[in-house]
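> Return atomic coordinates for the entry below.
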Amino acid sequence: MTVQMKQTEPLLVSGRDVTAILGPTNTGKTHLAIERMVAHESGVIGLPLRLLAREVYHRVCEKVGAEKVSLITGEEKIVPSGARYSVCTVEAMPRHTDAAFVAIDEVQLAGDLERGHIFTDRILHLRGRQETLLLGAATMRGILERLLRGVSVVTRPRLSHLAYAGSKKITRLPRRTAIVAFSADEVYAIAELIRRQRGGAAVVLGALSPRTRNAQVEIYQSGDVDFLVATDAIGMGLNLDVDHVAFAQNRKFDGYQYRQLTAAELGQIAGRAGRHLRDGTFGVTGQVDPLEDDLVNRIEGHDFEAVRVLQWRTSRFDFSSLADLRASIETIPPLEGLTRALPAVDARALEYLAQDPEIARIAAGTEKVSLLWDACALPDYRRIAPAQHADIVGSIYLDLARLGHVDETYLSEQVRRAESTEGDIDTLSQRIAQIRTWTFVSHRPGWLADPTHWQEKTREIEDRLSDALHDRLTKRFIDRRTSVLMKRLRENTMLEAEISPSGDVLVEGHHVGELQGFRFTADQSAEGEDAKAVRAAAQKALAVEFDARAERFGACANGDMALGSDGVLRWIGVPIGTLVSSDDLLKPRVVLLADEQLTGPARDRVAARAERFVAYQIETLLKPLLDLRNAEQLDGLARGVAFRLAENLGLINRRDVADDIKALDQDARAALRRLGVRFGAYHIFVPALLKPGPAGLVTLLWALAHDGKDRAGFGDVVAALAAGRTSVVVDPEFEPEFYRLAGFRILGRRAVRVDILERLADLIRPALGWKPGTGQRPEGGFDGNAFLVTPAMMSILGATAADMEEILKALGYRAEPKTAAEIDARLAELDAPAQPVKAEAPAADAGGASESPTAPEEAVAATAETETEGDAPADDGDARGSDAQPDADSPVTADPATNAAETTQDASAVPAPEQDAPADAEPPAPVLVWRPGRSESRHHRPQQRRGGQKKGEARPGGKQRFDRKADDRKGKPGQGHDGPRQKPQRPREERQARVDPDSPFAKLAALREQLKK
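A predicted model of the protein is given here:
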């Protein structure tokens, strides 16, 4: 029967003397209400949870004394005879009071579908004689102002900042975190995971008894564990020391359906993070997707959708008959802003029992109907099916109606079933819910013949069950080793510890970690509270060991230490420090990898020894760099070249300092050579730094100064150098500077060692210096001003013909393609009149050109000073006069086997005899003839172009400028560039007049003339 009735009596909707204190969590609203209440002669405060009521009860008792404070909940009543202040759950608050002060906490729960109508009733009806406070979220402001005319609204800001921290794995959550889920199974699963990974967690669920919840909260609050796994029960005013709230679920069952949490609900729970003036964070974990930006902004700004309607159910029930009672429950709300609540537990039980003929027969008359409604108020602590719950209510009602009290035999049997403390967590939780039902019954006035006995009995059983459940939760979700260590530490006793030769640390017989070097690493299986306990134990037990190790390290030999390519300094294989950059690249700082317990003189001793070793490594491996930097004996241009070499870590392209090199006299060059400098055709470099050890250290120091340790290629190029590679394929992902630091130069697709490039120059120089008719044509020689790529050139570079083309072009040479027939014909013409040489100059070393004045390339260099520009590659403005040294300076001997694997013998590199080919065959690939690139050479000699004169005009000073191309073509119609080029020569007397007769170049020139005769 669902007859609706109109509200006949007006509601109390006056807001006079009512103040609404609104704001987000952590604004001190509850604290303010307590202070205001004790300032009055009497007061009542209603709270949403029994656990919170217990907490407030103790706080009020501390202020005014326990004899003046009563605690009233559905399951517990403490009512001293002289009590003036009452702390209640909202359901247990009186509907009328003569107290001077009334406060209702968390008034936003008036919108809750299940309990909202109770809060609405107290908001509308309950008032203090002098002052009434309504505490809750700012979302209630609009609806309160509409319903309570004249209400005073005070808003309070949050005392600390709340920020979103994103998504984190459960095992990565920070300490002092509360993880929120909405089912017991999920809470237990998360707690079990945290126990395995982080040491342990406390558990708080709504199904736990207040005693169990208090015990679990105490474990967390005391610091025994650093994680709390809970349902949304923590969102209702529980003051916990939480720094971070992580949502492991964002859906819950609200009693009717599964739904997403609203922004206000998320904000209420997240607000538990950060208490008083300490900031807090919130985020998600597990399978929950990261929160959307709009939702995050709303939670951080406490900007939630306003509560539009309150759940309402009449408080004026008609007990004339069962039908009238059911009809009154369906009364329509009398005011806009109120909506009729869905059937609650009591209404559903009434509907079910009204179908029972016996109960319908007994429930006749106002008294019996009112008694039935009182019986229906029994809470469903066990969350069982409505029919099962209604059966229990029916049994109680029949006893009350027939006997005047609940049958004690029936009650005794029900209590007996719940008193066993055996079983697992779920079993104990069910028994606690069952005993709470009978605890509630024992506190209902007039329901039992001996209520005091049963109140004590049920309380004692609930306490024992709660203690047993707490013990089960602790054993399952907290590692016992943690408790043992923490207990000993709290007792401030010296822990017994020992260290094995391998570094294992045992405290009180438990393996707690390892001591490696000067760092103690806690056992990975002892995270969470174990980590805290282990650190505290180590501070006491390892102090002596740190001092002893510092003494041994300070006296150790250099051979016991090593500096890795990653910048980590190791002592007998254990990391003890790492390098970081400083203002001076060659003087990095050492940061010790040591615990804070290494302090005072011991730490200074370790730091000093580590710094001495690093300085020794740099002074040993990079001595040439330090010598160049500190070369006080040099002056002028030589000092400048040394400085640039030191700044560029021992390697400069010769083209970058060509003018300075040309201006150096022989004494300056000799002084630089004594410092380890080599003047190559393409580079000025220090061969000693091209060895793997110095190159690796230089690369590390550069990476430290330029944040390059994480860049691609760090260490890989040095590894190729150590393997004996003369060239490598360039990886485009690598940092290009790593190639240069290891002594490589990037030329096309390959990077070639600079000392190998000098060996290439040694092979090219005789071919370019040879003139037709001056003797036997050297390998690779062509027409006196060009050369062909030879197998020897490709072999030392480990390059294919295609690679050689890119390398030579990058070096500044230009290619002229010719057919194999043309090459064969020209070589036959050049080789035909060749005559044996009567006297030979000393042969160059296999690895490079000799510095002997009689070396062929030096003979060529003697004439290079007087020849016109364009006879050298672009990278060598003075290549013919380079001071080549024997290959003994080469840091790593080229491995023919290593390079042969990369070398492909290409027929196009060296001409081969022509063979008959099919008519339809593709024409053979052209053979490339290589000549020095003149345009680049002119670019590096700008002073010879500044006159702006045209070809053939006289230069300043009377020198004639020759047009080489015109000269090459003169008298050779149709030949063009295919014929040999002859350089315009000045008269021999003029060249000899410009050469110092006492110089080695003059002697070489004279020797050359003798050989021609």
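> So what would you say the end-to-end distance of stretch 563-577 is?
Stretch 563-577 has an end-to-end distance of 9 Å (criterion: C-alpha to C-alpha, to the nearest Å).
> wait, I meant stretch 151-168
44 Å.
> Would you check that residue 578 makes contact with residue 570?
No. Counting by C-beta atoms under 8 Å, residue 578 stays clear of residue 570, with 10.1 Å between them. C-beta coordinates here come from the backbone N, C-alpha and C atoms, glycine included.
> neighbour count winner among the two?
Per other C-beta atoms under 10 Å, whichever of residue 578 and residue 570 has more neighbours is residue 578, with 19 against 16.
> give the contact list for the more buried one.
With contact set as C-beta atoms under 8 Å, 6 or more residues apart in numbering, residue 578 has these partners: 567, 568, 569, 590, 591, 593.
> let's see 7 Å
567, 568, 569, 591, 593 (C-beta atoms under 7 Å, 6 or more residues apart in numbering).
> cool, and residue 213?
Applying C-beta under 7 Å, 6+ apart, we find residue 213 in contact with 51, 204.
> For it, give its distance to residue 231.
Distance of residue 213 to residue 231, given as C-beta to C-beta, to the nearest Å: 11 Å.
> picking that back up, going by neighbour count, which of the contacts of residue 578 comes out on top?
Tallying neighbours with other C-beta under 10 Å puts residue 569 at the head of the contacts of residue 578, with 24 neighbours.
> Phi, psi for that one please.
Dihedral pair for residue 569: phi -90, psi 130, per degrees, to the nearest 10.
> Show me where the stretch 51-200 of the chain has its strands.
In the stretch 51-200 of the chain, the strands defined using DSSP state E, counting those that start in this stretch lie at 69-72, 77-78, 85-89, 101-104, 131-136, 152-155, 162-167, 177-180.
> Surely residue 107 touches residue 138?
No. Contact criterion C-beta atoms under 7 Å: residue 107 and residue 138 do not qualify, at 11.3 Å.
> out of the two, which sits in the more crowded spot?
residue 107 (28 against 21).
> how far away is the closest residue to residue 636 other than its chain neighbours from residue 70?
Nearest non-adjacent residue to residue 636, counting by C-beta to C-beta, 6 or more residues apart in numbering: residue 668, 7.2 Å away. In this view, residue 668 and residue 70 are 103 Å apart by C-beta to C-beta.
> One more: residue 184?
Taking C-beta to C-beta, one finds residue 184 at 33 Å from residue 70.
> Give me the more crowded residue out of these two.
The residue with more neighbours, out of residue 184 and residue 70, is residue 70; 21 against 17, by other C-beta under 10 Å.
> Any idea what the more buried one is bridged to?
According to DSSP bridges, the residues that bridge with residue 70 are residue 86.
> Please look at it and residue 78 and confirm they touch.
Yes. Using C-beta under 7 Å, residue 70 is in contact with residue 78, at 5.9 Å.
> Stretch 89-102: end-to-end distance?
13 Å.
> Now the top helix by length along the chain: buried residues?
Across the chain, the longest stretch assigned as helix under DSSP state H is helix 451-477. Within helix 451-477, the residues that qualify as buried are 451, 454-455, 457-459, 461-462, 464-470, 472-474, 477, counting by 16 or more other C-beta atoms under 10 Å.
> now swap in stretch 99-119 and tell me
99-112, 115-119.
> From one end of that stretch to the other, what's the distance?
19 Å.
> So, low pLDDT: which residues of the chain?
1-13, 236-238, 255, 479-497, 508-510, 524-541, 833-923, 934-1013 (pLDDT under 70).
> What residues are bridge-paired with residue 339?
residue 311.
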